[in-house]
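J.: Next come a sequence and a model predicted from it.
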Amino acid sequence: MNKIFTALVLCLSISLANAQTKPLTQPFGKVDAADLESKSCDFEKDANAEILFDKAEIYYDANLDLGMERHKRIKIYNTNGKDNANIRIEYYSGNHVEYITGLQAQTINLVNGKPEITKLDKKLVFTERIDKMRSALVFSMPNVKEGSIIEYKYIWNTNSLSNFPDWYFQDKLPTRYSELTTSIPDFLYFKQKANIVQPLIVNTRKDEGRSMGAGTNMTPYTLERNTRGMANVPSLTDEPYMTATTDNLQSIIYQLTSIRPTIGIIKSFSDTWAKVGGILADDEDFGLQLKRKLTGEEAIIAKAKALKTDDQKIQYIFAEVKNTMKWDGVDRWYTNDGTSKAWEKKTGNSAEVNLILYHLLKQAGVKAYPMVVSTREHGKVVPYYTFLYQFNRAVVYIPIDSARNYVLDATNKYNIYNELPDNLLNSDALYIDKEKKQYDMVYLERKDPVRQIVIVRGEVKPDGKMDGTAQISSFGYNRIHTLSRYKTDGEQKYTDYLRENNNNLKVTSLKFDNMEIDTLPLTQNINFNLDLTSSDDNYIYFVPNIFSSLRTNPFLSENRRTDIEFGYRNSYSIIGTYTLPANYKIDALPKSATMTMPDGSITFKRYVAAENGTLMVRYVIDHKSTLYSKDSYPDFREFYKKMYEMLNEQVVLKKS
């Protein structure tokens with residue numbers, strides 16, 4: 001087995017362990033009085049609830065079946081923390097790969113100075129079938145109130161020796177102590193993926209002279225027992241433009257790569273992407289679905305084949321599938337009902353929708369391949385960690401030339417066939433070519449900036465009002481997001497979004513151009529009037545930055561725990577031309593200025609000119625990078641602070 005990675009800091013771990021004044025863990029039902037009386041988390045005072053401890057032991061039995069015993073205890077501090085009493089334990093139930101036994105759960109309250117225990121009624125535990133592969137154990141803890149402690153424990157089992165559970169030391173709640181103990185025979189070889197920031201409490205022990213069950217020919221082996229604990233782990237809350245929560249939580253993830261039970265016998269698992277691709281190609285719910293006939297497909301295929309170019313065929317079939325199929329909101333790399341049945345129902349999960357798309361493209365003669373990807377919400381794929389569950393969606397991959405490729409995802413009605421879906425960017429994907437037995441990784445990224453152009457023309461009136469027009473041109477992803485928001489929210493709610501809920505700004509008309517033409521920018525033509533409420537009899541005040549969606553700075557927090565990722569480069573141009581009232585002169589005017597991040601990754605420019613009663617203001621923002629490290633956050637935050645101050649700087653007119 002691989003040795004513990006270098007990120008484990010032993011000296012700090014020992015001092016941390018000695019510093020603990022409260023018990024790290026306790027037996028089920030035994031609760032420290034100080035925990036019952038506690039009113040807040042020691043190291044995160046504003047927390048609504050706290051994980052007092054989360055402890056698990058993972059082990060192999062004599063038949064190499066995996067088991068895990070887990071015990072978790074949570075303190076509820078206030079009403080807002082009560083949602084943490086709704087428990088959901090998901091597991092793979094297909095073919096009885098995994099199952100849960102031995103569930104015990106109870107709530108402990110302090111009543112008249114003594115602990116009162118309310119046990120969970122087993123009749124209130126429900127098994128929810130998520131799909132053909134997954135289920136969940138669902139229950140709500142009884143008698144939960146402010147100050148309650150809830151705890152539950154269970155045994156998780158699997159007959160697959162490679163389904164080693166992931167362990168997260170960190171959570172969206174602060175965690176006082178998290179501990180994982182693993183007992184692994186030395187003939188099992190693992191790869192470990194670790195995201196560790198804080199020091200660990202580590203204990204390693206080896207037990208010699210063990211052997212497998214009676215009647216086997218296996219040689220004795222050494223059992224390596226490792227315990228890793230982490231104390232006072234802060235909560236990981238959502239931050240603006242962070243990547244997936246699972247990308248950022250402190251964790252250890254294991255992947256079994258090979259087994260060597262006896263000398264000269266080696267069995268390897270999915271330790272290469274080629275092996276993972278081969279598994280997918282032969283899987284009943286993936287590769288074997290690709291050639292399944294669809295009812296009425298002949299008409300679509302015939303019409304596609306009559307088109308002259310591959311781009312025309314792709315655009316047509318992509319639109320047909322988007323308009324015909326409804327995505328049920330479930331992301332999977334595998335089908336649930338199968339493509340044929342999903343096509344008949346006109347609804348399916350992401351794999352069913354997109355494998356239908358692949359099948360029709362292939363039948364029409366387009367060189368296309370099925371591909372598995374990970375969405376932004378699911379997390380980034382780590383290329384050296386060759387495990388299938390890093391993916392959660394199937395899509396279609398079409399290589400165009402050495403520099404371009406299409407990735408088609410028909411789950412989103414507003415996706416464009418020749419634009420990589422933005423929720424798949426900046427991560428690796430695996431495409432499957434079963435005929436050539438070629439299974440390769442492709443990094444999905446968009447290098448060119450995505451433009452947004454806002455042009456405003458306004459007339460400032462002597463009575464402190466402004467009438468005008470605005471034109472917003474949205475390209476690429478900005479087009480997709482705008483159209484999706486408008487279609488989903490409806491015109492009134494979308495208009496409120498345009499106004500940024502400013503009641504002094506009235507949109508009197510809104511018209512869209514190119515709504516149905518994917519290849520052209522989406523254009524919004526707006527008529528508006530604006531009450532400049534800060535104005536008086538002698539002064540008129542207004543901010544030229546209108547309809548840009550850049551009025552509020554999202555990076556106000558002083559500290560940052562996660563990297564910032566925008567997904568793609570955005571390029572903003574905001575141009576305003578304002579006619580000023582004849583009897584007013586400019587009293588204060590923002591100056592033209594240019595500002596650049598220390599590393600050159602963001603540039604902000606402001607051009608201001610006034611002549612003959614007309615004011616022109618232009619803002620240009622260019623992001624040259626999509627990813628900004630949390631270590632660079634102080635510089636990033638300062639840049640954004642100054643940029644938003646400049647975006648919102650007022651023009652002051654004085655009555656002459």
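T.: That came through fine.
J.: name the helices or strands packed onto whichever helix or strand Ile58 is part of?
T.: Secondary structure assignment for Ile58, by DSSP states H and E: strand 49-60. Applying 3 or more CB pairs under 8 Å, 6 or more residues apart in numbering; DSSP states H and E, we find strand 49-60 packed against strand 66-76, strand 175-185. All C-beta atoms are positioned from the backbone trio N, CA, C, and that covers glycine.
J.: For Lys153, find the nearest of those.
T.: Ranking the helices and strands packed on strand 49-60 by proximity to Lys153 (CB to CB) places strand 66-76 first, at 4.0 Å.
J.: By neighbour count, which bits of the closest one are buried? Give me those.
T.: Buried positions in strand 66-76, judged by neighbour count with 16 or more other CB atoms under 10 Å: 66, 68, 70-76.
J.: need those in JSON lines with pLDDT and distance to Ala610, can you?
T.: Listed next are the buried residues of strand 66-76 as JSON lines, based on pLDDT from 0 to 100; distance: CB to CB, whole Å:
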{"residue": "Leu66", "pLDDT": "95", "distance to Ala610": "73"}
{"residue": "Met68", "pLDDT": "98", "distance to Ala610": "70"}
{"residue": "Arg70", "pLDDT": "98", "distance to Ala610": "68"}
{"residue": "His71", "pLDDT": "98", "distance to Ala610": "70"}
{"residue": "Lys72", "pLDDT": "98", "distance to Ala610": "65"}
{"residue": "Arg73", "pLDDT": "98", "distance to Ala610": "66"}
{"residue": "Ile74", "pLDDT": "98", "distance to Ala610": "61"}
{"residue": "Lys75", "pLDDT": "98", "distance to Ala610": "61"}
{"residue": "Ile76", "pLDDT": "98", "distance to Ala610": "60"}
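J.: picking that back up, may I see the helices and strands packed on strand 49-60 organised as TSV, with distance to Ile480 added?
T.: Below are these laid out as TSV (distance: least, CB to CB, whole Å):
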stretch	distance to Ile480
strand 66-76	40
strand 175-185	38
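J.: Report pLDDT for Thr519.
T.: Looking at Thr519, its pLDDT is 85.
J.: ok, it - how many residues close by?
T.: Other residues near Thr519 come to 9 when the count uses other CB atoms under 10 Å.
J.: what does the one 3 residues further on give?
T.: A total of 23 residues lie near Leu522 under the criterion other CB under 10 Å.
J.: for the residue lying closest to Glu50 once chain neighbours are set aside, helix, strand, or coil?
T.: Among residues not flanking Glu50 along the chain, Cys41 sits closest, at 4.3 Å (CB to CB, 6 or more residues apart in numbering). Under the three-state scheme (DSSP: H, G, I helix; E, B strand; the rest coil), Cys41 adopts coil.
J.: Next, find the distance separating Cys41 from Gln170.
T.: Distance, Cys41 to Gln170, using CB to CB, to the nearest Å: 14 Å.
J.: Please apply the same query to Gly600.
T.: Using CB to CB, Gly600 is found at 33 Å from Gln170.
J.: And the two? Which one has more around it.
T.: Neighbour count, other CB under 10 Å: between Gly600 and Gln170, Gln170 has more, with 24 against 9.
J.: Just confirm that one contacts Leu236, I think it does.
T.: Yes - counting by CB atoms under 8 Å, Gln170 touches Leu236, with 5.5 Å between them.
J.: anything in contact with each of the two?
T.: Common neighbours of Gln170 and Leu236, using CB atoms under 8 Å, 6 or more residues apart in numbering, are Leu249.
J.: Quick one: closest of the helices and strands packed on strand 49-60 to Val608.
T.: Using CB to CB, the helices and strands packed on strand 49-60 put strand 175-185 closest to Val608, at 51.2 Å.
J.: Which SSE is immediately downstream of the closest one?
T.: By DSSP H and E, the next helix or strand past strand 175-185 is strand 188-195.
J.: tell me the SS of Glu638?
T.: At Glu638 the chain is in helix, as set by three-state DSSP.
J.: Mind splitting the protein into its structural domains?
T.: For the chain, the structural domains run 273-444, 450-655, going by automatic domain parsing.
J.: Give me whichever of those is most buried.
T.: Using mean count of other CB atoms under 10 Å, the stretch among those with the largest mean neighbour count is domain 273-444, at a mean of 19.
J.: first to last residue in that one, what's the distance?
T.: Using CA to CA, to the nearest Å, one end of domain 273-444 lies 17 Å from the other.
J.: what does stretch 144-161 give?
T.: Stretch 144-161 stretches 38 Å from its first residue to its last (CA to CA).
J.: Over to stretch 623-631?
T.: In stretch 623-631, first residue to last residue: 18 Å (CA to CA).
J.: Excluding its own residues, what touches that stretch? List them.
T.: Stretch 623-631 is contacted from outside by 425-426, 449, 560-571, 600-603, 636, using CB under 8 Å, 6+ apart.
J.: just checking, what packs against the helix or strand where Leu280 lies?
T.: In this assignment (DSSP H and E), Leu280 forms part of helix 273-281. In terms of contacts (3+ CB pairs under 8 Å, 6+ apart), helix 273-281 is packed against strand 427-433, strand 438-444.
J.: Against Gln170, how distant is the most centrally placed residue in the chain?
T.: What sits nearest the mean C-alpha location of the chain, by CA atoms, centre = their mean, is Glu377, with 1.9 Å. Noted for Glu377: a distance of 18 Å to Gln170, by CB to CB.
J.: do Asp337 as well
T.: Taking CB to CB as the measure, Asp337 falls 36 Å from Gln170.
J.: How far off centre is stretch 611-621?
T.: Put simply, stretch 611-621 sits 39 Å off its chain's centre (CA atoms, centre = their mean, to the nearest Å).
J.: Do you know the pLDDT at Gln170?
T.: For Gln170, the pLDDT comes out at 98.
J.: which residues sit in contact with it?
T.: Contacts of Gln170 (CB under 8 Å, 6+ apart): 178, 230, 233-236, 249-251.
J.: the helices in the chain, which residues?
T.: Assigned by DSSP state H, the helices in the chain fall at 10-19, 33-37, 245-248, 273-281, 297-305, 310-324, 339-345, 350-363, 476-489, 491-498, 633-647.
J.: Relative to the whole chain's centre, how far out is the shortest one?
T.: Put plainly, it is helix 245-248. How far helix 245-248 lies from its chain's middle: 8 Å, per CA atoms, centre = their mean.
J.: Name the spans of this protein whose pLDDT lies under the cut-off.
T.: Within the chain, the stretches with pLDDT under 70 are 1-23, 208-219, 261-268.
J.: related to what we said a few turns ago, will you turn the domains of the chain into JSON lines that also has distance to Phe187?
T.: Below are these laid out as JSON lines (distance: least, CB to CB, whole Å):
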{"stretch": "domain 273-444", "distance to Phe187": "20"}
{"stretch": "domain 450-655", "distance to Phe187": "38"}
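J.: Out of those, which is closest to Ile108?
T.: Ile108 sits nearest to domain 450-655 of all the domains of the chain, at 31.4 Å, using CB to CB.
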